[in-house]
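> take a look and give me a structure for this.
(one chain, ligands or ions: 1)
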Amino acid sequence: MKMFIAGKWIDKPEKIEIKNPYDGSVIDTVPKADASDVEQALAGAVEGARLMREMPAYDRYRILRKASDLLRARQQELGRLLSQEEGKILKEGVGEVARAAETLELSGEEAKRLYSEVLPLDAASNGGSRFGFTLRVPCGVVVAITPFNFPINLPCHKVGPALAAGNSVILKPASDTPLIALRLVEILLEAGTPPEAISCITGSGGSLGDALCADHRVRKISFTGSREIGERITKVAGIKRVTLELGSNSPLIIMDDADLEKAAEAAVATGYANAGQVCISAQRVIAAQPVYQDLLDVLKPKVAALTAGDQLQESTHMGPMIREADAERVESWIGEAVQGGAKLLTGGGRRGTLHEPTLLADVHPDMKVSRQELFGPAIAVTEASSIDEAIRLANDTRYGLSAGIFTSSLERALQFARQVDSGNLHINWGPQWRADLIPYGGLKDSGLGKEGPKYAVEEMTEVKTVIVHL
Ligand code: NAP
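Numbers count the residues shown, from 1 in each chain. Coordinates of the predicted model:
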């Protein structure tokens, strides 16, 4: 495919091959952009921002609504392409396209809700008879940088609110999964988005990122990806708005009053989807001592029953990881944990990008499989003697994106909600759950700001204060 910059589909002599991570077959190529393409995208986006600012909110709503309908109509075809390039199973790929359609629909609705307020100036000692109000305006050019693991819904979480708020947007998708993002751009154009208002630049983030993020014409960066790149962006961005949706090593606490069958079911559902490559995957299971062994007994056969294989086959439960190097890293962290005394209950094997669904018990919190973001198909189980110790272990991390607890005690559930430092908290489910309208974002090193169209629109607009001196 070509990339879309400043109103034109553009090719380049240098290409990036997009491969199916299961078998390495080449699906397509995309151009490898360079600095001159970044400049073109920025200049085009300035013009795009001017056009979008003048477009009535109702028209912005209609464009996003139509794009959402088009996504729904092409859900099966796009879901297959998504699974092919990302490696998630077909059901998850098709499901992600449905979510992306909902995200654009929600974004379109937000275009109608850009309220301002009248200021009660008579309540100020120096207000007199002046009249004051606010105006909520678009911030201008938005740069949206997205990771490989949700290659259509996460772009929609940035592009949708940006356009709804009346901005232009430059999308830089992950180099492993740009095809579905380019298809999204085709759909947005078909739905009536002014061509200058959306660019999609393909190429290495390492070589394009600084130029995109440092430029003064960009007023807002919305980044989803790793903590390391997020931190770099905060250093190069300068004075502009930045939203960061970063990684995690999410905990799931299972107390002794929990329904163990349901808890194990939730751990599996939230720990191995997309081969564990979800920012809110259940990574650390912290189980109360009285039910520790019983939980392992219920959990182990459920994990062992998961089949890993070709993501496009209906019978496969879990597809490959995105790159072989990531599967090797997961394998080596598991090996280190086992050498350090953790028990391998099932899995542990690897063939190329396919890593088996793995369950580790007796994991020490300092082992890499627990301490760092694993981003792979393994759950590390650790014992806790009380709710207080479980909460201490849950908080013993630099991250704070999502956490879960299973308990039948309202008191414990509320203690968890109050004391666990995490942006999302799930009671009687695992950490991996999201509806696209909720405020979503991390605490601590998991990020800054919130997504969810209502909240993203707030972060992609500026408030001006107007005072009429009568
Ligand atoms: P990544 O390596 O950080 O890449 C994310 C994006 O940043 C890609 O488009 C990448 O481009 C680009 N990039 C690379 N270097 C850059 C630079 N110097 N400046 C600007 N952009 C740059 O992350 P990933 O491996 O794709 O995704 C996995 C990570 O994303 C995990 O840590 C996961 O937890 C996190 N994540 C978080 C959320 C959330 O909502 N909190 C959701 C999903 C994923 P290239 O691909 O060309 O390198």
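> helix or strand for residue 414, which one?
Using DSSP states H and E, residue 414 sits in helix 410-419.
> which residues touch that helix?
Residues external to helix 410-419 that are found in contact with it (Cβ atoms under 8 Å, 6 or more residues apart in numbering): 253, 255, 257, 387, 391, 394-395, 403, 405, 407, 425, 427-428. For the C-beta atoms, the positions are set from N, CA and C on the backbone; glycine is no exception.
> go with 6 Å
Residues outside helix 410-419 that contact it (Cβ atoms under 6 Å, 6 or more residues apart in numbering) are 255, 387, 391, 405, 407, 425, 427.
> isn't the first one right up against residue 290?
No - with contacts counted by Cβ atoms under 6 Å, residue 255 stays clear of residue 290, the gap being 9.2 Å.
> what about those two, which has more around it?
More neighbours surround residue 255 than the other of residue 255 and residue 290, with 23 against 11 (other Cβ atoms under 10 Å).
> in space, what's closest to that one - neighbours in sequence excluded?
residue 407 (4.1 Å; Cβ to Cβ, 6 or more residues apart in numbering).
> ok, that neighbour - contacts?
Residue 407 touches 255, 257, 258, 413, counting by Cβ under 6 Å, 6+ apart.
> let's go with 10 Å and repeat that
Neighbouring residues of residue 407 by Cβ atoms under 10 Å, 6 or more residues apart in numbering: 253-259, 263, 288, 387, 390, 413, 415-416, 427-428.
> still on that earlier bit, can you tell me which of the contacts of helix 410-419 are in helices?
Of these, the ones assigned to helices by DSSP state H are 387, 391.
> about what we covered before: what residues sit buried inside the helix holding residue 414?
412, 413, 415, 416 (16 or more other Cβ atoms under 10 Å).
> max pairwise distance over the contacts of residue 407: which two?
259 and 415 (19.0 Å; Cβ to Cβ).
> check contacts around the spatially closest residue to residue 174 that is not a sequence neighbour.
Spatial nearest neighbour of residue 174, excluding adjacent residues (Cβ to Cβ, 6+ apart): residue 148 at 3.9 Å. When contacts are counted by Cβ under 10 Å, 6+ apart, residue 148 touches 21, 85-87, 154, 173-178, 225, 277, 322-323.
> which parts of the stretch 201-350 of the chain sit against the ligand?
Proximity of the stretch 201-350 of the chain to the ligand (Cβ under 6 Å from any ligand atom) is limited to residues 204-206, 209, 213, 224-226, 229, 232-233, 245-248, 279.
> I only care about the residues you listed that end up buried; give me the ChimeraX line for that.
Buried members of these can be picked out in ChimeraX with the line below, counting by 16+ other Cβ under 10 Å:
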select :205,209,213,224,225,229,232,233,245,246,247,248,279
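> which one of the residues of the stretch 201-350 of the chain next to the ligand is nearest residue 47?
Distances from residue 47 to those, taken by Cβ to Cβ, are shortest for residue 213, at 20.3 Å.
> after the helix or strand that contains residue 334, next one along is what?
Residue 334 belongs to helix 324-339 when assigned by DSSP H and E. The C-terminal neighbour of helix 324-339 among helices and strands, as given by DSSP H and E, is strand 343-346.
> direction included, what does that following strand pair against?
Paired strands of strand 343-346, with direction, are strand 358-361 (antiparallel) (DSSP bridges).
> strands along the stretch 1-150 of the chain, start to end?
For the stretch 1-150 of the chain, the strands defined by DSSP state E, counting those that start in this stretch cover 3-5, 8-10, 15-19, 26-31, 118-119, 131-138, 141-145.
> between those, which gets nearest to the ligand?
strand 141-145 (4.7 Å; Cβ to the nearest ligand atom).
> quick check: mean pLDDT across the helix or strand that comes right after the closest one?
Going down the chain from strand 141-145, the next helix or strand is helix 153-164, by DSSP H and E. Helix 153-164 comes out with an average pLDDT of 99.
> so helix 153-164 versus strand 131-138, what angle?
140 degrees (axes from the mean of the first three to the mean of the last three Cα atoms, to 10 degrees).
> test my guess that residue 399 contacts residue 442.
Yes - between residue 399 and residue 442 there is a contact under Cβ atoms under 10 Å: 6.9 Å.
> spit out the residues that contact these two alike.
Overlap of the contact sets of residue 399 and residue 442 (by Cβ under 10 Å, 6+ apart) consists of 227, 246, 247, 248, 250, 279, 421, 422, 423.
> what about stretch 206-224, start to end distance?
15 Å (Cα to Cα, to the nearest Å).
> quickly check the residues of the stretch 201-350 of the chain next to the ligand for the two that are furthest apart.
Greatest spacing in those, by Cβ to Cβ: 204 and 248 (25.1 Å).
> residues touching residue 35, list them.
Neighbouring residues of residue 35 by Cβ under 10 Å, 6+ apart: 203, 207, 208, 210, 211.
> with secondary structure as extra columns, can I get those residues in CSV?
Listed next are these as CSV, based on DSSP: H, G, I helix; E, B strand; the rest coil:
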residue, secondary structure
203, coil
207, helix
208, helix
210, helix
211, helix
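> and the furthest pair within these?
Using Cβ to Cβ, the contacts of residue 35 reach their maximum pairwise distance at 203 and 210, which is 12.7 Å.
> so which of the two has more stuff around it?
Each of residue 203 and residue 210 has its neighbours counted (other Cβ under 10 Å); residue 203 has more, 24 against 17.
> run a quick neighbour tally on the closest residue to that one other than its chain neighbours.
Excluding the flanking residues, the one nearest residue 203 by Cβ to Cβ, 6+ apart is residue 33, at 3.6 Å. When neighbours are defined as other Cβ under 10 Å, residue 33 has 25 of them.
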